[in-house]
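J.: model the structure of this input:
(one chain, ligands or ions: 2)
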Amino acid sequence: MVRASHIPRSGEDGRLGWIGLLGAELWFGLYWVCTQSLRWNQTYRYTFKDRLSQRYGNDLPRIDIFVCTANPEIEPPIMVTNTVLSVMAYDYPPEKIAVYLSDDGGSDLTFYALLEASRFSQHWLPFCKKFNVEPRSPAAYFSLGSWDAIEEKELASVKKLYEEMENRITTAVKLGRIPDNIELNHKGFSQWNSSSSRRDHDTILQLIIDGRDPNAKDIEGCALPTLVYLAREKRPQYPHNFKAGAMNALIRVSSEISNGQVILNVDCDMYSNNSCSVRDALCFFMDEEKGHEIAFVQFPQNFENLTKNEVYSGSLRVLSEVEFHGLDGYEGPLYVGTGCFHRRDTLCGREFSKESRIQWRSENDKHTKESADELETRMGLRYGCPVEDVMTGLTIQCLGWKSVYYNPARKGFLGVAATSLDQTLLQHKRWSEGDLQVLLSRYSPAWYGLGRISPGLLLGYCTYCLWAPNSLATVFYSTAPSLYLLRGISLFPQVSSPWFLPFAYVIIAKYTYSLAEFLWSGGTVLGWWNDQRIWLYKRTTSYLFAFVDTMLGLVGFSETSFVVSNKVSDPDVSQRYEQEMMEFGTSFPMFTILATLAMLNLITFVCAAAKRVEGQGKDAKFYHS
Ligand SMILES: O=c1ccn([C@@H]2O[C@H](COP(=O)(O)OP(=O)(O)O[C@H]3O[C@H](CO)[C@@H](O)[C@H](O)[C@H]3O)[C@@H](O)[C@H]2O)c(=O)[nH]1
Ligand SMILES: [Mn+2]
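T.: Numbering: from 1, shown residues only. Ligands and ions are numbered 1, 2, ... in the order given. Alright, predicted model coming up:
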């Protein structure tokens, strides 16, 4: 209002800038409405696992767990091993668990690490069950430092076994080759030959532990879960569609082997931190009243390597503690790619109908592949978008299904957050670019979703899908006032003017609210400050680049890419991260923008301040004379 009624007349200085700011403010206002949709209708959920056990006993569905890895250099095999072991050790009948590792790196080192994991699991799984260990990723567990009521002897012996395994794996990785005696003794390695490369090889499929094999037992004689290694066929001339391609290969392969009705999907850095998560998820799927409506149960993305004040705001705190609970009040959260349990049939495109209740009991014994044939005709995950997950979740919701957000006190999964500024900005570029592509795609929440999902959920999706376009208004807002000020024109009302009040009100109310929300979500004041700073960085770089790339993509100039995030960093980089120092180590185009913006605002500030001082000097003289 203030803006609209005060537009400088044509010919007057600053008219264009004024109109621009008006546009930006209108945009922010609209966007604010979207963000509010996430705050109207929060839902929090609890499970009653003992009732599940009472009712079903061990008569539970089979579950297939997909772990994806893509690059042994930035996703170290020992980390993958730990994630795999943590999900093998779920508190769930082992004969009903099948773990699949998809290796897009096609690396014999990762395969070797998985072999080692299968051997170590014979000791680790009984140990976990005997002492009810938590968390069940060995590395995370041994780094706890304090272990309660565990017989020291057993702890020491399993720890020693782990360290020996870790040592063998890291040595092999360092040398870049597998120990000869192992390579010759396991026929699996014969699938790697000199002509195969990461981008060009046949399917490599290895059943490392076959749960149906009566000899597959741990040291206590209990069954082991099935464990499968898969490197899908890749050819340079065919797009492999990144993670979506990997997931679809896994869906197809698993339907032939175990065909679990429930699929859990985790990234290779997201180990299970809570051995009850499978049962938690089943409480929703098997709920007698509402279970049949639910297609997926999404856990929040939580991270292990956060520091107190999160320089890069890696925790996504407000997202997971506030916004996703808001989505859960409508048809449910987005699918965010990891820590998510799906019903297999919904991933394969099944439409919702009242009859789509799963008959867990009767279907339990079937090892059929009927859904595999179905998959030939229908789609699994959506291809061609760097956020295959969001797009897939949306199409599932558009078919009438609901999803559930489950955020237990003991976190279900812990992963690795980015530890440098360039990694943070790159990751957000991928996300915001993908989300914008979703908005512009055939399956856009705005048109495809219209009428299929509730208006609240639609606005919720828009909150994320508009990240990239948000950059335009933000960049304008953070440059225009400074540029005009350099020419001596202010685009904001004077402090003394009554029109200053609405501006002050909006700014103060907005920041107070966001600070309160951040603190409520468990953050610190400095953490909030860092979050605000990163917010500006992202909006002026990641989101801007994402916007430009998406537009270029629309006219056919740029291709979808997926830059895998680094999960290890140099010791000195991680040290600076621990100390919460911002890392500008590399030369990176996005930094140029940040530096330019910072310089511009600094210069403006200095000039304006100088003018002020000069002005005051003159005033003083005036009074003296
Ligand atoms: O060609 C590829 C590329 C990636 N991945 C795997 O995909 C996962 C996610 O990749 P990462 O680089 O860690 O991306 P993040 O930004 O951390 O991932 C988030 O965002 C992605 C979408 O952008 C989702 O796919 C992820 O599940 C979600 O955790 C990792 O396990 C990778 O190994 C593949 O399997 N094949
Ligand atoms: Mn990741």
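
J.: going forward, measure contacts between C-alpha atoms and count neighbours the same way
T.: Fine.

J.: so where do the strands sit in the protein?
T.: 63-69, 97-103, 204-209, 226-231, 262-267, 271-272, 294-298, 302-303, 340-343, 402-405, 413-415 (DSSP state E).

J.: tell me which of these is the most buried.
T.: strand 271-272 (a mean of 30; mean count of other CA atoms under 10 Å).

J.: near ligand 1, anything from that strand?
T.: No: Strand 271-272 stays clear of ligand 1 (CA under 6 Å from any ligand atom), getting no nearer than 11.0 Å.

J.: what is the mean pLDDT for that strand?
T.: Strand 271-272 carries an average pLDDT of 98.

J.: for the strands of the chain, which one sits closest to residue 165?
T.: Residue 165 lies closest, by CA to CA, to one member of those: strand 204-209, at 16.9 Å.

J.: helices or strands up against the closest one?
T.: helix 108-131, strand 226-231 (3 or more CA pairs under 8 Å, 6 or more residues apart in numbering; DSSP states H and E).

J.: let's see 6 Å
T.: Applying 3 or more CA pairs under 6 Å, 6 or more residues apart in numbering; DSSP states H and E, one finds that strand 204-209 contacts strand 226-231.

J.: and ligand 1, is stretch 536-546 touching that?
T.: No: using CA under 6 Å from any ligand atom, stretch 536-546 never reaches ligand 1; the gap is at least 12.6 Å.

J.: residue 337 reaches residue 391, doesn't it?
T.: No: judged on CA atoms under 6 Å, residue 337 makes no contact with residue 391 at a distance of 10.3 Å.

J.: the two - which one has more neighbours?
T.: For residue 337 versus residue 391, neighbours defined as other CA atoms under 10 Å are more numerous around residue 391 (28 against 20).

J.: how about that one: what's its closest non-neighbour residue?
T.: The spatial neighbour of residue 391 that comes closest, neighbours along the chain excluded (CA to CA, 6 or more residues apart in numbering), is residue 438 at 6.1 Å.

J.: ok, how many other residues are close to the one you found?
T.: Residue 438: 25 surrounding residues under other CA under 10 Å.

J.: same check on the one 3 residues further on?
T.: Other residues near residue 441 number 15, with proximity taken as other CA under 10 Å.

J.: OK, contacts around it?
T.: Not one residue lies near residue 441 by CA atoms under 6 Å, 6 or more residues apart in numbering.

J.: return the backbone torsion pair for it.
T.: phi -80, psi 180 (degrees, to the nearest 10).

J.: can you read off the pLDDT for it?
T.: Model confidence at residue 441 (pLDDT) stands at 93.

J.: who's in contact with residue 565?
T.: Here residue 565 is in contact with no residue (CA under 6 Å, 6+ apart).

J.: how much space separates it from residue 590?
T.: 17 Å (CA to CA, to the nearest Å).

J.: swap in residue 284?
T.: 43 Å.

J.: out of those two, which sits in the busier spot?
T.: residue 284 (26 against 19).

J.: show me the contacts for the more buried one.
T.: residue 291.

J.: roughly how far does it sit from ligand 1?
T.: Per CA to the nearest ligand atom, to the nearest Å, residue 284 is found 22 Å from ligand 1.

J.: can you give me the buried ones in the longest helix belonging to the chain?
T.: Taking DSSP state H as the criterion, the chain has its longest helix at helix 589-624. Residues of helix 589-624 classed as buried by neighbour count (16 or more other CA atoms under 10 Å): 590, 591, 594, 597, 600, 601, 604, 608.

J.: check what pLDDT the second one gets.
T.: pLDDT, the model's per-residue confidence, is 89 for residue 591.

J.: get me the contact residues on the stretch 351-500 of the chain for ligand 1.
T.: Contact residues (CA under 6 Å from any ligand atom) of the stretch 351-500 of the chain with ligand 1: 386, 387, 389, 427, 430, 431.

J.: mind checking which of those are buried?
T.: 386, 387, 389, 427, 430, 431.

J.: could you dump those into TSV and include pLDDT?
T.: TSV is the format used below for these (pLDDT from 0 to 100):
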residue	pLDDT
386	91
387	94
389	95
427	96
430	96
431	97
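
J.: pick out the most distant pair among the residues you listed.
T.: Distance extremes for these: the farthest pair is 389 and 427 at 14.6 Å, using CA to CA.

J.: give the contact list for residue 428.
T.: Residue 428 touches residue 542, counting by CA under 6 Å, 6+ apart.

J.: from residue 312, how far off is it?
T.: 11 Å.

J.: for residue 502, same thing?
T.: Counting by CA to CA - residue 502 and residue 312 are separated by 31 Å.

J.: check residue 299 too.
T.: From residue 299 over to residue 312 (counting by CA to CA), the distance is 22 Å.

J.: and what of residue 472?
T.: 22 Å.

J.: ok, residue 457 next?
T.: 28 Å.

J.: out of the two, which sits in the busier spot?
T.: residue 312 (30 against 25).

J.: got phi/psi on that one?
T.: phi -100, psi 10.

J.: how much space separates it from residue 530?
T.: Distance from residue 312 to residue 530, by CA to CA: 7 Å.

J.: check residue 413 too.
T.: 24 Å.

J.: what do you get for residue 317?
T.: Plainly put, residue 317 is 12 Å away from residue 530 if you go by CA to CA.

J.: under the pLDDT cut-off, which ranges of this structure? List them.
T.: 1-5, 11, 356, 358-379, 585, 616-625 (pLDDT under 70).

J.: and it, what are its domains?
T.: Taking the TED database as the criterion, the chain consists of the domains 1-40+441-615, 63-260.

J.: how about the stretch 351-500 of the chain: which residue is closest to ligand 1?
T.: Residue of the stretch 351-500 of the chain nearest ligand 1, by CA to the nearest ligand atom: residue 387 (4.2 Å).

J.: list the contacts of the residue nearest to that residue when sequence neighbours are not counted.
T.: In this structure, residue 387 finds its nearest non-sequential neighbour in residue 434, 4.9 Å apart by CA to CA, 6+ apart. Neighbouring residues of residue 434 by CA under 6 Å, 6+ apart: 385, 386, 387.

J.: compare neighbour counts for residue 317 and residue 530 and give me the winner.
T.: Comparing residue 317 with residue 530 by other CA under 10 Å, the one with more neighbours is residue 317, at 21 against 17.

J.: do you know how far the more buried one is from residue 527?
T.: Taking CA to CA, one finds residue 317 at 10 Å from residue 527.

J.: and what of residue 196?
T.: 47 Å.

J.: which one of those two has more residues nearby?
T.: Between residue 196 and residue 527, residue 527 has the larger neighbour count (other CA under 10 Å), namely 21 against 13.

J.: once you drop chain neighbours, what's closest to that one?
T.: Nearest non-adjacent residue to residue 527, counting by CA to CA, 6+ apart: residue 309, 4.1 Å away.

J.: and the one you found, how far from ligand 1?
T.: Counting by CA to the nearest ligand atom, the separation of residue 309 from ligand 1 is 20 Å.

J.: equivalent analysis for residue 269, please.
T.: Residue 269 is 7 Å from ligand 1, where distance means CA to the nearest ligand atom.

J.: so who does the residue nearest to that residue when sequence neighbours are not counted touch?
T.: Leaving out its chain neighbours, the residue that sits closest to residue 269 by CA to CA, 6+ apart is residue 415, at 5.1 Å. Contacts here follow CA under 6 Å, 6+ apart; on that basis residue 415 touches 269, 270, 303, 304.

J.: cool, thanks, talk later.
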